[in-house]
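K.L.:
Following is a predicted model, sequence given first.
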Amino acid sequence: MRGEAQPPRPSNLEVTRQEPSAVACISAVCAACFSAVRHKMLGLQIRTVMAENMNSELNMIGSLLPLFPCITFDVEYAGTLHRSSAATRIAPSKQYALVKKNVDAVPIVMLGITLSNEYGNLPLTADGEGRLFQLAWEVTFSDFDPRRDRHAPESVTFLRSQGVCLDKARARGVSSAAFAAKLAAILSATPRPNELTWAAFGGAYDFAYMLKILTGGQPLPETWHEFMAQTHALLGGGRVFDAKYMAEHCERTDLGGLGLRRMAATLGMRWDFPELPFLAGRKSHIACFICTIMRRRILYRDGGDILVGLLNGIHW
């Protein structure tokens, strides 16, 4: 996901990457709790996932899925090589063809994951002083090598400006093959994977990279119909949402054309993020907030179900 100008930051949300002491699973939640926790939460803790701790971190994610079955994710990748030259919006089939060409050519760099329940509550952790933090995960992959792989130089410059060390990623990161095998095992062990919800913001590339991982780096399907069917199957049959697509197709005209952070601010998210880094873990956390607001408050009549499977960047 590309960077954007930062909006005014109205409140206080500390971001930390220190090792947590415990995860508190909250099972009794309600809509009122969502608002209360959101405004009182002291911070966000992003758990860095590398090769040495991948199994333990993904096991934690798997253990939390029964209570937090909504998975919002975001990917970082080294830019787009192919763009449309059309001055107007192009057909979904051509949109998908561009996504396919780019994702087939450029490896993934990072994956951010935020879990929540249907009310937007997240798993919590406590530090040594008893302060509560919401949890998100950030997986660093070892696949991308800028000396070997095609990429957009400005995107690599951006990643490095956010503190991404690509040499460290190559040496200590997670291979996408290992991640795919572990995720498949988690989904197969989940009692009702078809009841999971998968979400992203501007999700064409996010879901495309997820499918690329789960198929072992194989080229994406030739058509977007096949792409959506295969994605749905490999994600266990769960529902797929795109928070940006929902925002672009609701009665709130003030949400049209907004990027991730500005839309979150418009919808009332309160935070005070430090300038750096702004990567997949934090982006998945913000996208989770937007998706929850869209489904619970704006598209509350059906929870956005009429827009299931429609992705911004592919569908009109």
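P.N.:
Sure thing, it's come through.

K.L.:
Listing partners with orientation, what would you give for the helix or strand where residue 114 lies?
P.N.:
In this structure, residue 114 is located in strand 108-116 according to DSSP states H and E. Listed by DSSP bridges, the sheet partners of strand 108-116 and their directions read strand 70-77 (antiparallel), strand 132-140 (antiparallel).

K.L.:
in the longest one, what's buried?
P.N.:
Translated: strand 132-140. Within strand 132-140, the residues that count as buried by 16 or more other C-beta atoms under 10 Å are 133, 134, 135, 136, 137, 138, 139, 140. C-beta here means a position set from N, CA and C on the backbone, and glycine is covered the same way.

K.L.:
with those residues in mind, which one is nearest to residue 96?
P.N.:
For these, the closest approach to residue 96 (C-beta to C-beta) belongs to residue 139, at 25.2 Å.

K.L.:
Wait, that closest one touches residue 113, no?
P.N.:
Yes - proximity of residue 139 to residue 113 meets the contact threshold set by C-beta atoms under 8 Å, at 7.1 Å.

K.L.:
Helices of the protein, residue ranges please.
P.N.:
For the chain, the helices defined by DSSP state H occupy 31-40, 54-64, 92-105, 153-161, 166-172, 176-189, 204-214, 224-234, 243-248, 260-266, 280-293.

K.L.:
of those, which approaches residue 123 most closely?
P.N.:
Within the helices of the chain, the stretch nearest residue 123 is helix 54-64; the backing value is 5.2 Å (C-beta to C-beta).

K.L.:
for that closest one, packing partners?
P.N.:
Contacts defined by 3 or more C-beta pairs under 8 Å, 6 or more residues apart in numbering; DSSP states H and E place helix 54-64 against strand 43-49, strand 108-116, strand 132-140, helix 176-189.

K.L.:
which one of those is the most hemmed in?
P.N.:
With neighbours defined as mean count of other C-beta atoms under 10 Å, those peak in mean count at strand 108-116, which reaches a mean of 26.

K.L.:
Please identify which of the strands paired with strand 108-116 is closest to residue 54.
P.N.:
Nearest to residue 54 among the strands paired with strand 108-116 is strand 132-140 (7.5 Å), distances taken as C-beta to C-beta.

K.L.:
Now tabulate the strands paired with strand 108-116 in a markdown table and tack on distance to residue 290.
P.N.:
As requested, these are exported to a markdown table (distance: least, C-beta to C-beta, whole Å):
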| stretch | distance to residue 290 |
| --- | --- |
| strand 70-77 | 9 |
| strand 132-140 | 14 |
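
K.L.:
okay, those in CSV with mean pLDDT and distance to residue 195 next?
P.N.:
Shown next, in CSV, are the strands paired with strand 108-116 (pLDDT from 0 to 100; distance: least, C-beta to C-beta, whole Å):
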stretch, mean pLDDT, distance to residue 195
strand 70-77, 98, 10
strand 132-140, 96, 21
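
K.L.:
which one of the ones you listed lies closest to residue 229?
P.N.:
The stretch from the strands paired with strand 108-116 with the least distance to residue 229 (C-beta to C-beta) is strand 70-77; that distance is 19.3 Å.

K.L.:
now the angle from the closest one to helix 280-293?
P.N.:
140 degrees (axes from the mean of the first three to the mean of the last three C-alpha atoms, to 10 degrees).

K.L.:
contacts for stretch 76-84?
P.N.:
1, 90, 94-95, 98, 101-103, 105-112, 144, 146, 149-156, 159, 164, 205, 209, 279-280 (C-beta atoms under 8 Å, 6 or more residues apart in numbering).

K.L.:
Buried residues of it, list them for me.
P.N.:
In terms of neighbour count (16+ other C-beta under 10 Å), stretch 76-84 has its buried residues at 76, 77, 78, 79, 80.
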